[in-house]
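Trainee: here is a sequence together with a model predicted from it:
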Amino acid sequence: MNKSNIVTGLDIGTNSIKCLVIQNKQNECEVLAYSEIPSFGLRKGIVEDKNIDQVSKNIQLAINEVERECNQKINSVYVNIGGSRIYVTPSDGIISVSRADQRISKEDVDRVIQATKAVNLPGNYEVLDVIEREFVIDDQRGIKQPLDLTGVRLEAKVLLLCIFSRDFLNVTQSVLNSKIQIGDVIPSPLAAANAVLTPQQKELGTVLIDLGAETTSLVVFEEGDLIHLAIFPIGSSHITNDIAIGLKTEVSIAEEIKKQHGTCIFEKDKKELIKDSTHRKIEIFDKSEQLLFTKKDLVDIIEPRVSEILDLVQKELKKIGKHKMLPGGVILTGGGAKLPKIKELTKKTLELNCEIGYPKNIVGIQKDSSLATVAGLALEGVDFDKEVSILGFTRGWGLKIKKIFRIFIP
């Protein structure tokens with residue numbers, strides 16, 4: 001087995017740590033091993049300072065499982081970073097072309113990109129990456145690759161991907177402490193987009209909503225480019241907590257109720273049209289209690305929280321002028337996308353077509369929306385012949401990616 005073709009994605013989430021090992025065989029990726037263990041030490045997608053060692057131990061457990069399954073030593077992973085303290089902001093930079101013949105060199109491109117970073121950031125924030133959107137040479141706009149073209153003035157219009165420094169340090173330290181090298185660090189919603197969105201969806205204009213346990217992320221693509229990213233500190237675990245409060249039960253029982261009976265929209269059973277099923281009781285038996293509630297009771301708890309999340313998404317789309325203006329519609333992914341009727345409620349609220357997004361281009365992977373991030377991370381390390389960026393500013397689906405960071409054990 002050629003180890004150079006083996007790539008590992010590590011999704012460090014609030015509720016679970018997922019590890020996926022894939023192998024690239026003749027330009028086709030297939031699953032070699034997968035593990036998932038309960039997570040501890042994260043709050044709202046962020047590794048807490050006091051829990052770095054515990055997160056490291058859990059990472060090692062997940063790595064050990066996939067190593068046993070595929071009989072391979074895992075030395076390096078592509079890891080996600082989450083939390084609501086990640087954001088993008090537009091920026092631009094302008095320079096004069098340095099060469100006498102006015103031909104734009106790599107040094108000119110590097111200088112103008114560096115000039116875009118000259119912005120005031122909030123305290124303790126840093127630029128994680130610069131996402132190039134377009135270059136302007138003199139008055140010529142819409143240029144994607146300015147190298148070797150000619151002009152007097154070169155301008156770059158970019159999105160700066162910014163992060164709270166401590167969040168980045170904690171997640172990388174958690175991995176390095178488990179004696180694993182880091183091939184790259186990728187924001188969770190961009191990793192999910194890498195696995196789920198097609199080139200056509202990115203070109204048309206699409207918003208991907210990743211519904212995690214304690215965060216909800218969105219990324220918007222248009223004309224193949226990433227144009228917006230936002231992460232909210234609210235997710236599917238808040239729905240579980242609402243059920244626990246509303247039904248006066250334990251969180252673990254509420255989670256099972258959500259999975260077994262939860263839905264976003266109340267509909268009467270077609271077989272029960274004669275009698276009102278609104279008041280049909282659902283009985284849940286536990287060792288210490290008996291719960292009685294109706295489907296309508298449950299919808300009255302779940303729907304307001306899901307609507308709150310969708311309202312946040314709608315505000316972001318309005319902020320960037322894309323409300324009801326994305327022909328590619330909405331793609332829902334993440335564990336929260338499994339909630340019945342969430343697609344219908346999203347379509348109604350955002351007034352856009354909506355589908356559930358699953359990982360693509362990996363043979364043997366389950367059709368499971370909660371695997372989007374870990375699948376995207378694994379694909380991040382796959383090096384095919386096509387040069388395509390995960391961040392969408394080159395055409396197509398992310399295969400040969402732009403490196404953000406490459407971090408090794410000291």
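Mentor: Yes, it's here.
Trainee: contacts and neighbour counts: CA atoms only from here.
Mentor: Will do.
Trainee: any residues touching the top helix by length along the chain, and which ones?
Mentor: Secondary structure of the chain per DSSP state H: the longest helix is helix 295-319. Helix 295-319 is touched from outside by 216, 218, 230, 232, 234-235, 238-239, 242-243, 246, 261-266, 278-282, 323, 342, 345-346, 349-350, with contacts defined as CA atoms under 8 Å, 6 or more residues apart in numbering.
Trainee: just the buried members of the residues you listed?
Mentor: Buried members of these, scored by 16 or more other CA atoms under 10 Å, are 216, 218, 230, 232, 234-235, 238-239, 242-243, 262-266, 323, 342, 345-346, 350.
Trainee: of the residues you listed, which belong to helices?
Mentor: Per DSSP H, these map to helices at 238-239, 242-243, 342, 345-346, 350.
Trainee: reformat these as CSV; add pLDDT and distance to residue 118.
Mentor: Shown next, in CSV, are those (pLDDT from 0 to 100; distance: CA to CA, whole Å):
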residue, pLDDT, distance to residue 118
238, 97, 38
239, 97, 41
242, 97, 44
243, 96, 47
342, 98, 42
345, 98, 42
346, 98, 39
350, 97, 36
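Trainee: mind telling me the two of the residues you listed farthest from one another?
Mentor: 243 and 350 (24.5 Å; CA to CA).
Trainee: for this structure, which helix or strand comes out least confident on mean pLDDT?
Mentor: In the chain, the helix or strand scored least confidently by mean pLDDT, DSSP states H and E is strand 281-285, which has a mean of 71.
Trainee: who does that strand touch, helix- and strand-wise?
Mentor: strand 290-294 (3 or more CA pairs under 8 Å, 6 or more residues apart in numbering; DSSP states H and E).
Trainee: before we move on, back to that, off-centre distance for the least confident helix or strand of the chain?
Mentor: 36 Å (CA atoms, centre = their mean, to the nearest Å).
Trainee: helix, strand or coil for residue 77?
Mentor: strand (DSSP: H, G, I helix; E, B strand; the rest coil).
Trainee: beta partners of it?
Mentor: residue 182 (DSSP bridges).
Trainee: thinking it is in contact with residue 183, fair?
Mentor: Yes. Contact criterion CA atoms under 8 Å: residue 77 and residue 183 qualify, at 5.6 Å.
Trainee: neighbour count winner among these two?
Mentor: For residue 77 versus residue 183, the count of surrounding residues by other CA atoms under 10 Å is larger for residue 77: 25 against 22.
Trainee: do you know how far the more buried one is from residue 22?
Mentor: 11 Å (CA to CA, to the nearest Å).
Trainee: now list whatever residues contact both of the two.
Mentor: Common neighbours of residue 77 and residue 22 (CA under 8 Å, 6+ apart) are 7-8.
Trainee: what's around residue 100, how many residues?
Mentor: Residue 100, neighbours per other CA under 10 Å, totals 7.
Trainee: one more: the one 4 residues further on?
Mentor: Residue 104 has 22 neighbours, counted by other CA under 10 Å.
Trainee: wait, isn't it in contact with residue 149?
Mentor: Yes. Counting by CA under 8 Å, residue 149 is a contact partner of residue 104 at 5.6 Å.
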